[in-house]
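Novice: need a 3D model of the sequence below.
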Amino acid sequence: MKTLFLMLLCLTTGIAFAQTGTIKGRVLDKQSEKPISGATVSLVDDNNLKTTTDQDGNFRLPNIPLGRQNIQISFLGYENATVSEIEITTGKESILSIALSEKFNNLEGVRIVGTGRGKSRAINQMAAVSARQFSAEEASRYSGGRSDVARLASNFAGVATADDSRNDIVIRGNSPSGLLWRIEGIPVPSPNHFSTLGTTGSPVSALNPNMLANSDFITSAFPAEYGNAIGGIFDLGFRKGNTDTYEFTLGAAAFPGAEAMAEGPLFRKAGGSFLVAARYGIVGPLGLAGTAAQPNYNDLSFNLDFGNSKAGNFSVFGILGNSDIDFIGNEITDDKDLFAKKDEDSYAKSNFTAFGLKHTINLGAKSYLKTVLGTSSAKSTYEAFRFLNYQTPSENRIEYTNSDNTERRMTFSTFINSKMSSKITLRAGLLYENFNLKANISDRDRQPDRDGDGIADLSSLISTDGRYQIVQPFAQAQFRLTEKLTLNTGVHGQYFSVNEQFVAEPRASLSYSVSPKSTINVGYGMHHQNVPAPILFLNENVGGSLVQTNKNLKFVASQHYVVGYDLRFADNWRAKLELYHQAINNAAVERARSGYSSLTEGASFTYSIDKTSLVNDGKGSNSGVEFTLEKFFSKGYNLLLTSSFFESKYKGSDGVERNSPFNNGYVVNFLAGKEFKIGKNGRNVFSINTKFSTAGGRYYTPTDLAASRAAGFDVKDDTNPFSEQYDDYLRLDLKFGIKLNSKTKKLSHQFYVDFQNLTDRKNVFIREYNRQSGMIDQKNQIGFQPDFGYRFNF
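Specialist: Okay, here's the model as predicted:
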């Protein structure tokens, strides 16, 4: 460790130092999104460094000292705002979009935004409870994050990861399938490499965090504009490129891969810009993937903004990702390989695309219309060949699994937002999605041997090629009833063409400012979500014909209740306490008495393959308390402590209440970061970040050893679902980094090394039947693992 520190420190030798950097951006009215002309933007630590916005709300603040800085924005009749933790380097200008709220009755209100508070409030003004915004910089700063926004979210209260091998997140005891991904206002399939039909996570993210603007993460009682989700919302937006100068980035990191990014002006007179980034995975050759096989993946993201005109603002955005991996049985040397088996050859491929055209136009002085037309696709294929005789695999190999799934969708989203006064804001809109699903899945597991050859037949489990639609209208409003009391209310509708079901969902939240530093929030929401497609379109052999007997399943229904208390007890310090209860109905369960429920699915690559003729009689509940203590970055350090204590239960058709697989019981995270100014004039930075996480073990269904030996594959004891629990999870990460700035040129360097699972803790991954040994094996998650990265900005 000492040697590493000295090596990083030596890198500062011979580097000249830049004097200052630049902050620029745009200031808007939060409710109407109209630009604010004449607003004052000043550096918190030096009020002499200030400027005012022009007629389009734009500002430019040069000569800012390097390091992390805070700025304050003020304008007559509006509440002051402070943007904190702005990282100033010589390689990139910092570009911000800042929204100000009009004061109640244009008088001095009680809600003064202190340093750092902006991060604790969602960008979506109507998300008053269980919501937080996050930045792309946070995803790369924290230890153990792998530059993955989903792994970043696991640091927040109420969130757990299913396991280290994937970025699925469990929100307040809900299945990862309950999560909704939105990019630029439209729902998209799982934006991950190696993703499969119906899942929301995978081992590697296809989202480049350097493309993202500040975005929202919501865990309960969502505003009325969100639908078809009961677990949580990732509401992501792409940032705009630099409108004045060209900037470039080159880099490499173990998990995101090698990267190249460019941005600059586009249609300069209109204030347009472009931003494009490409990455290529390199984790396979480094041997850090948790498997002997070599994963291949790459992605491309872009955002083209055409500036402002009389016709409004147009932009085009997109993301493309490709991935594949081959698991060759005779190349697998470790029985504990997380994904591969010695007696099996398997081949997996996936690709993901999402494109959109966004248009925003002002309608008068206080209203705007935002419309997005998008298209997306997610394709995954998987073939597995099993060796009947492990000693002679090439002569005894049969196809065991074949999966080929493609989901395409066209999306149209539009809403109108109108600021009626400083007290009332209205928003109403519509989301239309047209799906084209082509899915074919065949497997031998648990299938009959109709041809009498002693081997289970390769049977069709899903065979569908059709279209369906989901339509979601909504209307919501924000009422500032008094200086201290704000009401958000609305209704969301949801229609599913397959079974022609329509539901109306009321949503409401109330926020009361007890004092300038403390707020009480209360929220309620009714939410519905489709049963995942791999269950909805399963085939059942009925009288010799294949029938989709789950096709008419209704939405799973969920009611969220939340109450929270938010206290900003000192500059840059915040404490938050939140209690919640979630009541779930209409979960899909079997007609015959059993402990199965669709609420237990969604945390792996596949879904159950034999759950047909299901009915909506299942129930579930999630209840808990969360506490967050946060010190926003100031005086060279930041702290974050999050803790969640919860209970997640469900009932199958047998009416027995059981632990869900996501009932960890508790999750505690502690993160800390410290930055040291080094070198001449202290303009370079050496940083240390650490993260400690602990959680209760996941519940799992034990293996029936006798049945597994007879069948030749892992057979679970379905009479005792989720009756056993893995050991508690523990992990410590430690990250070192350095940032270097050039004096004479606009460029900077960043290096980091991240020691993940520093203590080499053997956290359990899975216990399952081993076909070669005929015993139950335990596989552990990845032990000690180094990560590293380098970025060159110019």
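Novice: quick one: contacts for F134?
Specialist: The contact partners of F134, taken as CB atoms under 8 Å, 6 or more residues apart in numbering, are K119, V149, L152, A153, N214, S215, D216, F217. Every C-beta, even on glycine, is put in place using the N, C-alpha and C of the backbone.
Novice: hang on, isn't the fourth one packed against L236?
Specialist: No. Applying CB atoms under 8 Å, one finds A153 not in contact with L236, separated by 11.3 Å.
Novice: pLDDT wise, what is N389 at?
Specialist: The model reports N389 with a pLDDT of 68.
Novice: next structured bit after the lowest-mean-pLDDT helix or strand in the chain?
Specialist: The helix or strand of the chain with the lowest confidence, counting by mean pLDDT, DSSP states H and E, is helix 2-10 at a mean of 42. Per DSSP states H and E, the first helix or strand lying C-terminal to helix 2-10 is strand 20-29.
Novice: bridged to I688, which residues?
Specialist: Here I688 sits in beta bridges with K674, F736, as judged by DSSP bridges.
Novice: and for it, the neighbour number?
Specialist: 16 (other CB atoms under 10 Å).
Novice: pick out whichever of the contacts of F134 sits closest to M126.
Specialist: Of all these, the one with the least separation from M126 (CB to CB) is D216, at 10.8 Å.
Novice: returning to what we had before: of the contacts of F134, closest to I325?
Specialist: Distance from I325 was checked for each of the contacts of F134 by CB to CB. The minimum falls on V149, at 22.7 Å.
Novice: residues in contact with the closest residue to the closest one other than its chain neighbours?
Specialist: Leaving aside its chain neighbours, V149 sits nearest to A139 (5.2 Å; criterion: CB to CB, 6 or more residues apart in numbering). Residues counted as contacts of A139 (CB under 8 Å, 6+ apart) are G145, S147, D148, V149, R151, L152, P209, L212.
Novice: can you check the pLDDT for the residue nearest to the third one when sequence neighbours are not counted?
Specialist: Setting aside the residues directly before and after it, D148 is nearest to S205 in space (CB to CB, 6+ apart), at 4.4 Å. With respect to pLDDT, S205 scores 94.
Novice: can you give me the neighbour number for S205?
Specialist: 26.
Novice: what bridges to it?
Specialist: Using DSSP bridges, the beta-bridge partners of S205 come out as N192.
Novice: just checking, it touches R166?
Specialist: No. Using CB under 8 Å, S205 makes no contact with R166, being 10.3 Å away.
Novice: how much space separates the most centrally placed residue in the chain from M526?
Specialist: Centroid-nearest residue in the chain, with CA atoms, centre = their mean: A150, separated by 3.7 Å. When distance is defined by CB to CB, to the nearest Å, A150 is 26 Å away from M526.
Novice: go on, Q125?
Specialist: Q125 sits 21 Å away from M526, going by CB to CB.
Novice: D727 too?
Specialist: Counting by CB to CB, the separation of D727 from M526 is 38 Å.
Novice: pretty sure the residue nearest to the centre of the chain contacts I171?
Specialist: No. The criterion here is CB under 8 Å, and A150 misses it with I171 at 10.9 Å.
Novice: that older thread, a markdown table for the contacts of A139, including secondary structure, pLDDT and neighbour count?
Specialist: Supplementary listing: these in a markdown table, determined by DSSP: H, G, I helix; E, B strand; the rest coil; pLDDT from 0 to 100; neighbours: other CB atoms under 10 Å:
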| residue | secondary structure | pLDDT | neighbour count |
| --- | --- | --- | --- |
| G145 | coil | 85 | 27 |
| S147 | coil | 89 | 26 |
| D148 | coil | 92 | 22 |
| V149 | helix | 92 | 24 |
| R151 | helix | 92 | 21 |
| L152 | helix | 91 | 25 |
| P209 | helix | 94 | 23 |
| L212 | strand | 95 | 21 |
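Novice: would you list those residues in a markdown table and tack on distance to T51?
Specialist: Rendered in a markdown table, the data for those read as follows (distance: CB to CB, whole Å):
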| residue | distance to T51 |
| --- | --- |
| G145 | 34 |
| S147 | 33 |
| D148 | 36 |
| V149 | 32 |
| R151 | 37 |
| L152 | 32 |
| P209 | 29 |
| L212 | 26 |
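Novice: which SS class is D445?
Specialist: Taken by DSSP: H, G, I helix; E, B strand; the rest coil, the conformation at D445 corresponds to coil.
Novice: where does this protein dip in pLDDT?
Specialist: For the chain, residues meeting the criterion pLDDT under 70 lie at 1-19, 106-120, 286-290, 389-395.
Novice: how does it divide into domains?
Specialist: Described in terms of automatic domain parsing, the domain architecture of the chain consists of the residue ranges 2-131, 141-793.
Novice: which residue of the chain sits farthest from its center?
Specialist: Using CA atoms, centre = their mean, the residue of the chain lying farthest from its centre is G452. It sits 47.7 Å away.
Novice: quick check: L431 touching A224?
Specialist: No. Taking contacts as CB under 8 Å, L431 lies outside contact range of A224: 11.5 Å.
Novice: common neighbours of these two, please.
Specialist: If you check L431 and A224 against CB under 8 Å, 6+ apart, the residues they both contact are F474.
Novice: got a list of what I424 touches?
Specialist: The contact partners of I424, by CB under 8 Å, 6+ apart, come to A477, Q478, F479, R480.
Novice: buried ones in stretch 448-460?
Specialist: Under the neighbour-count criterion of 16 or more other CB atoms under 10 Å, stretch 448-460 has A456, S459 buried.
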